[in-house]
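give me a 3D structure for the following:
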Amino acid sequence: MADYPITDPLNLAIRGMTCASCSGRVERALRAVPGVAQAQVNLAAETAQITGAGLDAATLIAAVQKIGFDALDLQRTAPAAEAARHQHEARHDRIQLLIGAGLTTPLVLSMIAHLAGAPMGLPGWTALALATPVQFWVGARFYRASYKALRAGAATMDVLVVLGTTAAYGMSLFLLIRAWIEGGQPALYFDSAAIVITLILFGKTLESRGKRQTGAALQALTALRPDRATRCLPDGRERDVAVESLMVGDLVVAKPGARIAVDGVVREGESSVDLSMLTGESVPVPKGPGCPVTGGAINGDGLLLIETTAIGAETTLARIIRLVENAQAAKAPIQKLVDRVAAIFVPAVLVIAALTLLGWWLANGQLEHAILSAVAVLVIACPCALGLATPTAIMAGTGVAATHGILIKDAETLERARLVDTVAFDKTGTLTEGQPTVLAIEAAEGSDPATILRLAAALQRGSDHPLAKAVLARHGDNPIAVATKLHALPGRGIEGMVAQKFLALGSNRLLHDLHIDLSTIPSTLTANAQTLEQQGRSIAWLIDRGDNATPSTARVLGLIGFGDAIKQTAPAAIASLRARGLRVVLLTGDNQGSADIAAHALGIIEVKAEILPAQKADAIAQLRAQGRVVAMVGDGVNDAPALAAADLGIAMATGSDIAMHSAGITLMRGDPALVAAALDISRRTYRKIQQGLFWAFFFNAIGIPLAALGQLSPVIAGAAMAFSSVTVVSNALLLRRWHPSLTLRRARRARAQARRVCAQFPTDSPQDPLAPQSPDGRESRPPTD
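Next up, the predicted model:
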């Protein structure tokens, strides 16, 4: 295993699983294959994700087939072919269900008539003729699955169904033949066997439909992948080609109303692009030359010429699909308990059924009653609901979140997110637009603003930092001097050689690190800097470090003041989090004055300013040491340590790839309101998991004892068993109705209600519980303008 590197996950479609014990068997079989490091089977999606070294799909498929299931390599299976197979199976199930229902209806009516006191029901041979095709044709799937399971030395839900219904059918057939030979009118239970099989098939049909619906969001994302593209040839002609044939650098035409085929940069044309299916952004985004575009988005009414920058698995859409697939394939930690229960569930039910049969037979000597009670135990036991509770909720929750621009990394993230009680925000690019502009340039004596701007532009050329872009935008198309020996100073600035001068451009902390005495800075500069900070501006100092780069020769040449507007949705986003009872903290490397002004506008009380990236991580660690469960929200490279240090990292996709790799949740658009929405859908998904597991355990914990005590007929037991799976799946599907806007509206209503409650108390009553709190617990309000 050490001879091979860990490869990308290999995904298989698994056919024939019916319950949690089935998925457990497949997992154990896959993990036994040499080279497999981890295998996770999703019962709801009917898939397996395998990671390891030197994986071979054929070997893995053979291991699955050996234990009685079928498998396909999804990488080699066209999505359209899988969809067609599911449609064919659904159609076949509906036909079988209709025929089974038609044959069972006379048996149901006869049973109702008998219970109502009618003297005659269906003749025994007629009941046999109706029940036999239901038992052995409609129920053939259960017999096939049971045979495969028993051949592999395992017991599944199908074995329980087959044992129960066959026992009822076989006993009825025996009594019918004996009555034909000896005479008499025996009580027959063909109706029970047929009704149980039809009800279970009905439940399985609804369950399958529900499982397909839980994966609808992923299917919708997959459907966004264009198959064809219009490539622009060097001679100006256009050619329709397969997307797979495109290369980075190819020019592609996006026609009005068509899907954009690739990730790229607009070279010619202007249009608006609909990104709603990718980011949840409801308003089309204007695009023009130099703007990036994403494959799968819908072009508006303009013609665009796009240079390809990413293809295949590296496109944004492919990465989104991969992230959603991984999240839906992963198992929540709570599932470990379910797996342990499922491993012993069916054997335990078989033991209970055997004890029920023996107990009733010894108690009253009535073999028929003993058999019916044992059949009821076998039929009502439902490992399916146990196996479906977690994956259906995760698929529905992560799927609906993805359609609204919230990508959840895995099931473990869901569990962590529900416990978050503190949210720490970065400022620039997270709560502000991240598009600062140069508002002031001040020069020391002996220099001028134009020189300050020219030298700063030389240091910042090639940088992606928002302040660097602002400097370069202000410099315009003027020639930029060449800078050498450039070196980034994380959280402080940048340094390098420009025109034989060793220069540095950075924050107040850089002044401190270079041991520059503030008294040596011209008073006009310090006064202007204080004024700018009081206005909420960010400051960057341009420093001449001297020819030998020693602190004693460093001197300030000037400063640049930047302004960055707060995002329109940020105040409401913070209010929404506070209305939910969450503590909000602002962590920024910006100066204290700028941080305080932004925090005041946002309603944030706790502020830590002028801190380095490592100190952000330390601040997160301090919060966690207080017993807080902390989520960190950021977008830049300097936020990656804090994102990794937090219990939950939330990254803006508008930021750096490093930040997104460090995060458990990625927001596909830079809207702070999605933070509360992400926490909300995580909590709701986990709540659905808990509800599903409760109902699954409840049905079994109540139903099995009742059946063993003879209080349930096989028909009622079969209906309850089918109903339990349908209930679990249907409950999970309610998550599809969730929308991010509901989170903000609920928070506003809760806050308004709390205000109304507080208004009922005298003015000298205790403080407003919704007011910001200082660390000592006293009410603390920002000063009003």
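
could you give the backbone dihedrals for Gly170?
Main-chain torsions, Gly170, degrees, to the nearest 10: phi -60, psi -40.

for Val138, see how far away it is.
17 Å (CB to CB, to the nearest Å). (Glycine included, C-beta is placed from N, CA and C.)

can you give me the strands in the stretch 401-550 of the chain?
In the stretch 401-550 of the chain, the strands defined using DSSP state E, counting those that start in this stretch lie at 406-408, 422-425, 437-443, 483-489, 493-498, 501-506, 538-544.

mind putting the ones you listed into JSON lines with distance to Ile67 and mean pLDDT?
Listed next are those as JSON lines, based on distance: least, CB to CB, whole Å; pLDDT from 0 to 100:
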{"stretch": "strand 406-408", "distance to Ile67": "31", "mean pLDDT": "86"}
{"stretch": "strand 422-425", "distance to Ile67": "46", "mean pLDDT": "94"}
{"stretch": "strand 437-443", "distance to Ile67": "64", "mean pLDDT": "89"}
{"stretch": "strand 483-489", "distance to Ile67": "55", "mean pLDDT": "85"}
{"stretch": "strand 493-498", "distance to Ile67": "60", "mean pLDDT": "87"}
{"stretch": "strand 501-506", "distance to Ile67": "63", "mean pLDDT": "88"}
{"stretch": "strand 538-544", "distance to Ile67": "62", "mean pLDDT": "88"}
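
select, out of these, the one closest to Val134.
Proximity to Val134, assessed across the strands of the stretch 401-550 of the chain by CB to CB, is greatest for strand 406-408 (43.3 Å).

contacting residues around that closest one?
280, 320, 323-324, 327, 397-398, 401-402, 414, 417, 653, 664-668, 674, 677-678, 681-682, 740 (CB atoms under 8 Å, 6 or more residues apart in numbering).

picking up where we left off before, who has more neighbours, Gly170 and Val138?
Val138 (21 against 14; other CB atoms under 10 Å).

that one is in contact with Ile95, isn't it?
No - proximity of Val138 to Ile95 does not meet the contact threshold set by CB atoms under 8 Å, at 10.0 Å.

so where is the stretch 1-150 of the chain shaky, pLDDT-wise?
By pLDDT under 70, the weakly predicted segments of the stretch 1-150 of the chain are 1-8, 77-83, 114-121.

where exactly do the helices run in it?
For the stretch 1-150 of the chain, applying DSSP state H, counting those that start in this stretch gives helices covering 20-31, 57-66, 79-115, 124-133, 140-151.

out of these, deepest packed?
helix 20-31 (a mean of 24; mean count of other CB atoms under 10 Å).

now do that helix: distance to the chain's middle.
Taking CA atoms, centre = their mean, to the nearest Å, the mean C-alpha location of helix 20-31 is offset from the chain mean by 24 Å.

hmm, back to that, looking at the contacts of strand 406-408, which are in strands?
Judged by DSSP state E, the contacts of strand 406-408 include 665-667 as members of strands.

narrow the residues you listed to just the buried residues.
Using 16 or more other CB atoms under 10 Å as the burial test, the ones in strands among the contacts of strand 406-408 include 665-667 as buried.

need these in JSON lines (columns: distance to Leu455 and pLDDT).
Below are those laid out as JSON lines (distance: CB to CB, whole Å; pLDDT from 0 to 100):
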{"residue": "Ile665", "distance to Leu455": "41", "pLDDT": "88"}
{"residue": "Thr666", "distance to Leu455": "37", "pLDDT": "85"}
{"residue": "Leu667", "distance to Leu455": "37", "pLDDT": "86"}
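
any idea which of those is closest to Val607?
Leu667 (22.5 Å).

give me the nearest residue to the closest one, chain neighbours excluded.
Leu674 (4.5 Å; CB to CB, 6 or more residues apart in numbering).

any idea which strand is longest in this structure?
In the chain, with assignment by DSSP E, the single longest strand is strand 555-563.

angle of that one against strand 501-506?
Counting by axes from the mean of the first three to the mean of the last three CA atoms, to 10 degrees, strand 555-563 lies at 40 degrees to strand 501-506.

ok, strand 555-563: who's next to it in the sheet?
strand 437-443 (antiparallel), strand 538-544 (antiparallel) (DSSP bridges).

among those strands, which is the most enclosed?
strand 538-544 (a mean of 24).

orientation of it relative to strand 493-498 in degrees?
Here strand 538-544 runs at an angle of 30 degrees relative to strand 493-498 (the same axes, to 10 degrees).

what's next to strand 538-544, contact-wise?
Outside strand 538-544, the residues within contact range by CB under 8 Å, 6+ apart are 428, 436, 452, 455-456, 467, 493, 501-508, 510-511, 514, 516, 529, 532-533, 554-564, 590-591, 594.

same thing with stretch 125-137?
Residues contacting stretch 125-137 (CB under 8 Å, 6+ apart): 96, 99-100, 103-104, 106-107, 110, 121-122, 143, 165-166, 169, 172-173, 176, 188, 190-191, 193-194, 197-198.

if you set the cut-off to 6 Å instead, what comes out?
With CB atoms under 6 Å, 6 or more residues apart in numbering as the test, stretch 125-137 has contacts from 100, 103-104, 106-107, 169, 188, 190, 193-194, 197.

ditto for stretch 627-639
Stretch 627-639 is contacted from outside by 419-426, 429-430, 491, 613, 620, 623-624, 642-643, 646-650, 652, 655-656, 658-659, 675, using CB under 6 Å, 6+ apart.

how far away is Ala63 from Asp56?
10 Å.

part of a helix, is Ile650?
No - if the criterion is DSSP: H, G, I helix; E, B strand; the rest coil, then Ile650 is strand and not within a helix.

and it, what is it in contact with?
Shown in contact with Ile650 (CB under 6 Å, 6+ apart): 631, 633, 663, 665, 675.

among these, show me the least confident.
Lowest in pLDDT among the contacts of Ile650 is Ala663, which has 76.

any idea how far Arg322 is from that one?
Using CB to CB, we find Ala663 at a distance of 15 Å from Arg322.

show me what contacts Ile99?
Applying CB under 6 Å, 6+ apart to Ile99 gives no contacts.

before we move on, back to that, among the contacts of stretch 125-137, which two are most distant?
Spanning the widest gap among those are Gly100 and Leu188, at 18.7 Å by CB to CB.

summarise which helices and strands the helix or strand where Asn700 lies is packed against.
Taking DSSP states H and E as the definition, Asn700 sits inside helix 673-708. For helix 673-708, the elements it packs on are helix 367-380, helix 383-403, helix 411-417, helix 570-579, helix 714-733, helix 740-759, judged by 3 or more CB pairs under 6 Å, 6 or more residues apart in numbering; DSSP states H and E.

mind listing what's buried in it?
Buried-residue list, helix 673-708, by 16+ other CB under 10 Å: 673-686, 688-689, 691-693, 695-696, 699-700, 703-704, 706-708.

what's the angle from that helix to helix 383-403?
Using the same axes, to 10 degrees: helix 673-708 against helix 383-403 is 170 degrees.

chain center to helix 673-708, what's the gap?
That offset, for helix 673-708, works out to 17 Å (CA atoms, centre = their mean).

and the angle for that helix with helix 570-579?
Using the same axes, to 10 degrees, helix 673-708 lies at 30 degrees relative to helix 570-579.

what angle separates helix 673-708 from strand 648-652?
On the basis of the same axes, to 10 degrees, helix 673-708 is oriented at 130 degrees to strand 648-652.

begin at 22 from now on, thanks
Sure thing, new numbering starts at 22, so read that last one as helix 694-729.

which stretches in the stretch 172-321 of the chain count as helices?
Under DSSP H, counting those that start in this stretch, the stretch 172-321 of the chain gives helices at 178-203, 211-235, 237-244, 297-300.

and Ala638, which helix or strand is it part of?
helix 634-646.

report the buried residues of that helix.
In helix 634-646, counting by 16+ other CB under 10 Å, buried: 634, 636-641, 644.
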